[in-house]
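>>> got a structure for you, letters missing:
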């Protein structure tokens, strides 16, 4: 679809903000998907285009973290493979079955994650003991969360971060860095199948890609310089915001009653 220059510029600004937030705590899709839908795109095209632009942001953050030595590629190679495979199968399956059950459960999971990040003593600046080996972690978290991202998507960063902190014993900074690596992997796998289906709005997606790349780089620098002081509040806030937004979408009667 054709969009005017002003609309493309606004999408790029939305992507810049989303890339910044995504690099720190995930959840940038809360900004970019509604922005794409506001242009009148069909939902499938909006989701596909969002995957395109988010690939640039997750790549930018991943590359920055790699250069700063926060990502150990040798221990993550199996998790990358499993994440790619999981996302591939999730993308294939979502085209065949109803994902509405996840929409009803996810808000409560995200709220639980926010409480975990807020109160758990394992969430901090220092690495802790690992509870799961490399291969089991790759199979459980890589395949499982990768599948979820291809199948549904919202909150993927929170799932990955929780896995790295609770099971791999990573500090918040290392968990954030490795989360972006696996996010980039699952984004690429899902995007490939959207491209094959001809669902991507290339002009809008590439316009947003520039904003995503810059925003992700700025957010990554913030993680390196400020660590837990910025990551923990952002993780809690983003998880709670996603939870409330999804609850509002799925259970509007609750909010009408409360009003």
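Received, thanks. These numbers were taken from a predicted model, which means no experiment stands behind them.
>>> And the helices in the stretch 151-259 of the chain, which stretches?
In the stretch 151-259 of the chain, the helices defined using DSSP state H, counting those that start in this stretch lie at 156-166, 172-196, 202-226, 228-250, 252-258.
>>> any idea how far the residue nearest the centre of the chain lies from residue 199?
What sits nearest the mean C-alpha location of the chain, by C-alpha atoms, centre = their mean, is residue 157, with 4.1 Å. Spatial separation of residue 157 from residue 199 under the definition C-beta to C-beta, to the nearest Å is 23 Å. Every C-beta, even on glycine, is put in place using the N, C-alpha and C of the backbone.
>>> want to throw the helices of the stretch 151-259 of the chain into a markdown table with mean pLDDT?
Below are the helices of the stretch 151-259 of the chain laid out as a markdown table (pLDDT from 0 to 100):
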| stretch | mean pLDDT |
| --- | --- |
| helix 156-166 | 85 |
| helix 172-196 | 90 |
| helix 202-226 | 90 |
| helix 228-250 | 72 |
| helix 252-258 | 62 |
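>>> Pipe these into CSV and attach distance to residue 77 per row.
Rendered in CSV, the data for the helices of the stretch 151-259 of the chain read as follows (distance: least, C-beta to C-beta, whole Å):
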stretch, distance to residue 77
helix 156-166, 15
helix 172-196, 10
helix 202-226, 21
helix 228-250, 25
helix 252-258, 44
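>>> and the angle for the helix or strand residue 81 falls within with helix 156-166?
Element membership of residue 81, judged by DSSP states H and E, is helix 73-94. Using axes from the mean of the first three to the mean of the last three C-alpha atoms, to 10 degrees, the inter-axis angle of helix 73-94 relative to helix 156-166 is 140 degrees.
>>> tell me what helix 73-94 is packed against?
helix 134-137, helix 144-151, helix 172-196 (3 or more C-beta pairs under 8 Å, 6 or more residues apart in numbering; DSSP states H and E).
>>> what helices or strands is the first one leaning on?
Okay, so that is helix 134-137. Using 3+ C-beta pairs under 8 Å, 6+ apart as the contact test, the elements touching helix 134-137 are helix 73-94.
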